[in-house]
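*Asks:* Just to be clear, the model below is a prediction. Sequence and coordinates:
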Amino acid sequence: MKETWSFLDTFEPNFRPLVVIELAKGTKKETIEWFTKRIVDKKADGGAQLLIKPLVTENGDENIYLVGASHLRLLLGAETVGLVKECNDNSMRSFTYSSRKTFKDFADDNHNFLTMSECQYIVKHELENLRARDEKMIPGYPQAKLYPGKSIVRRLLTNGILLQIFPLHDREELKKLRHTWYGRVKIGYQPLDEIRSYFGETIALYFGFLEYFTFALIPMAIIGIPYYVFAWEDYDKYVMFATFNLLWSTVILEVWKRICAVMTYRWGTLLMKRQFEEPRPGFHGALGVNPVTGREEPVYSSIKRQLRIYLVSVPFVCLCLYFSLYVMMIYFDLEQWALDYHEEDKSTFSSLMLYVPSIIYAVVIEIMNRIYRYAAEFLTSWENHRLESSYQNHLVLKVLVFNFLNCFASLFYIAFVLFDMKLLRQSLATLLITSQILNQFAESLLPYWLQKRHVKKMKKHIHSPKTDMDLSLVEQINLEKEMCTYFGTFDDYLELFLQFGYVSLFSCVYPLAAVFAVLNNVTEIYSDALKMCRVYKRPFAEPTANIGVWQLAFETMSVISVVTNCILIGMSPQVNALFPDSKMDLVLTVALVEGSLGYIQEYIIIIAGSAVLHRTVVHLCAKNGCFCLSSGLILLLCFQNKP
């Protein structure tokens, strides 16, 4: 007989806390009773069918609750979310409770079949899918309106009734991970399998990509150092370095696809089915029935969403882009002022003043990027996307368009309008180094210092000189609930994306860009590992098969970098000297050479084993045609405008 949700008992003799829920102090009793009842109610009655108990403290406050689940409930939840596990025949298949005996290491008494992070992901999934049914408001709070299909957790959060939900750390496992990850300085690979087991696939893939990208930058750095030393003042000797950039920027991304697929297949997320993606907690609409799954979920008109996107979001983004260009022109006015000042008063101070406009502009860029990020998040949430993947795609698109223009527009203007390679080198170096220093300080050093101060105060307050391993559950939760919240890998990937742009677009005029990128990434690996383990609350694991829309973002940047380097090659004095009479012959030759290099890229990728699929080769062939056309047209325009 097939088991169903109705036979599942919520009783668990050994309660294991997985997730912490913190309610606001003074939350009304009827609200707590209603919310906890919905958590423990059976699935057929609209509940999550989980276990919950209050955390008893010395002062008697009952605003913190621990959520867990029975072993049987977690196994059925694993089937619901579509977790993929390894079978006894070494194949990877979606877990089903009815065929549980066919999966490797499964036993009825083996509670470690599912990792703690997988269990926490299942609990989070069920809590987020608690939807209002007949309730018109949150009991005890008439102003907090509800309607069928509205996420209960989301409404509690927006009304300040529910302060936070976070998964508990496993202190023993965390100590082992810290020791192997960053506890000792060593040259070697990161323990990605252990990171995945503890933090989930999304975090592990980020650190895997960070590690891979750092190694991929080493050839650029090795070539860049002697190139920079022996051609320091000759800004026109960049042809060979730009040619190497053409191959490097495309090949490394294709090789990463192969590495990523191997890792995610081993982890079981490459085969996860897309239909298990549930509506995101922030999605709201009238309660209806999904025609595919047959489950009740909110329904929202796609026409309304499109109107919000094209009538509000797009005009707002365009306005922000215009403001970014306006700030850029102010920066060039400052550059001209600094140059005039240096011409009038040639001194050490005036030489230093030449770098001041670029430093100020780099700081302003970082501030504008962060302010715009909050506006983009608000707009994307207001658009009311059904799936988290759709929400992330629209958010990334908004942020990338603005960040690309904000960070690189000045470099394009200097290179292809002003034709000033000396200023291009100075601006690129200043923007790259300043942004790396600011990011390291804002993302790692400052949070770590603040968290260390807070931990000392908390331990002093509870009069406990104990280590993390010796803390009681109450003390552990009191420490963890005050930690910073990790909001995902968005900012981390964005930092790598901009770094990739600085290196691939114009590093031929500043070859040390790759060197600074390698040094930054090495420290980034350790600082990010430190903040994941010591600064932030443990994030919920999120199964994923790849780095998502960021793969497309990096590939788009590689397309732009190929075009940019082709134009720089065509503008170089060495290449121009070969065609003294006809610029059109030069344009056609550069386009032809670029197309040939594109096909060489394909051959290298196939040899490397990363593009064995026919569609990948066809895709690269199509790109080559676009590269030739775009680089030729832009190069022709540059020659027409060049003084």
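*Replies:* Cool, the structure landed.
*Asks:* other SSEs contacting the helix or strand harbouring Tyr198?
*Replies:* Using DSSP states H and E, Tyr198 sits in helix 192-199. Under the contact criterion of 3 or more CB pairs under 8 Å, 6 or more residues apart in numbering; DSSP states H and E, helix 192-199 touches helix 116-128, helix 171-181, helix 201-230. All C-beta spots, glycine's among them, are computed from the backbone N, C-alpha and C.
*Asks:* 10 Å - rerun?
*Replies:* helix 116-128, helix 171-181, helix 201-230, helix 239-267 (3 or more CB pairs under 10 Å, 6 or more residues apart in numbering; DSSP states H and E).
*Asks:* Walking through this structure, point out its strands one by one.
*Replies:* All strands of the chain, identified by DSSP state E, fall at 19-23, 51-54, 64-68, 84-86, 92-94, 137-138, 141-145, 162-167, 286-289, 296-299.
*Asks:* Indicate which one of those is closest to Thr544.
*Replies:* Proximity to Thr544, assessed across these by CB to CB, is greatest for strand 84-86 (12.1 Å).
*Asks:* Figure out which of the strands of the chain is closest to Ile218.
*Replies:* Using CB to CB, those put strand 92-94 closest to Ile218, at 33.1 Å.
*Asks:* The closest one - contacts with which helices or strands?
*Replies:* Applying 3+ CB pairs under 10 Å, 6+ apart, we find strand 92-94 packed against helix 71-81, strand 84-86, helix 239-267.
*Asks:* Which neighbours in the sheet does that strand have, and how are they oriented?
*Replies:* In the sheet, strand 92-94 lines up against strand 84-86 (antiparallel) (DSSP bridges).
*Asks:* Show me what the partner strand is in contact with.
*Replies:* Contacts of strand 84-86 from elsewhere in the structure, counted by CB atoms under 10 Å, 6 or more residues apart in numbering, are 78, 92-96, 100, 102-106, 113-114, 118, 264-273, 543, 545.
*Asks:* one more time with 6 Å
*Replies:* Contact partners of strand 84-86, identified using CB atoms under 6 Å, 6 or more residues apart in numbering, comprise Met92, Ser94, Phe95, Phe103, Lys104, Gly268, Leu271, Met272.
*Asks:* sorry, back to before: can you flag the weakest of the helices and strands packed on helix 192-199 by average pLDDT?
*Replies:* Ranked by mean pLDDT, the helices and strands packed on helix 192-199 bottom out at helix 239-267, which scores a mean of 85.
*Asks:* Quick one: work out the angle between it and helix 201-230.
*Replies:* 160 degrees (axes from the mean of the first three to the mean of the last three CA atoms, to 10 degrees).
*Asks:* Helix 239-267 - contacts with which helices or strands?
*Replies:* Packing partners of helix 239-267 (3 or more CB pairs under 6 Å, 6 or more residues apart in numbering; DSSP states H and E): helix 201-230, helix 549-571, helix 583-608.
*Asks:* buried set for it?
*Replies:* For helix 239-267, the neighbour count (16 or more other CB atoms under 10 Å) marks 239, 241-246, 248-257, 260, 263-264, 267 as buried.
*Asks:* Do you know the pLDDT at Phe95?
*Replies:* Looking at Phe95, its pLDDT is 89.
*Asks:* Assess the claim that it and Thr80 are in contact.
*Replies:* No - at 9.9 Å, Phe95 does not count as touching Thr80 under the criterion of CB atoms under 6 Å.
*Asks:* Same drill for these two, tell me which one is more crowded.
*Replies:* The neighbour count for Phe95 versus Thr80, taken as other CB atoms under 10 Å, is higher for Phe95 (25 against 18).
*Asks:* where does that one sit relative to Ser324, distance-wise?
*Replies:* Note on Phe95: its distance to Ser324, by CB to CB, to the nearest Å, is 48 Å.
*Asks:* do the same with Leu210
*Replies:* According to CB to CB, Leu210 and Ser324 sit 28 Å apart.
*Asks:* How about Arg386?
*Replies:* The gap separating Arg386 from Ser324 is 31 Å, by CB to CB.
*Asks:* ok, back up a step: right, so of the strands of the chain, which gets closest to Ser435?
*Replies:* Nearest to Ser435 among the strands of the chain is strand 162-167 (30.3 Å), distances taken as CB to CB.
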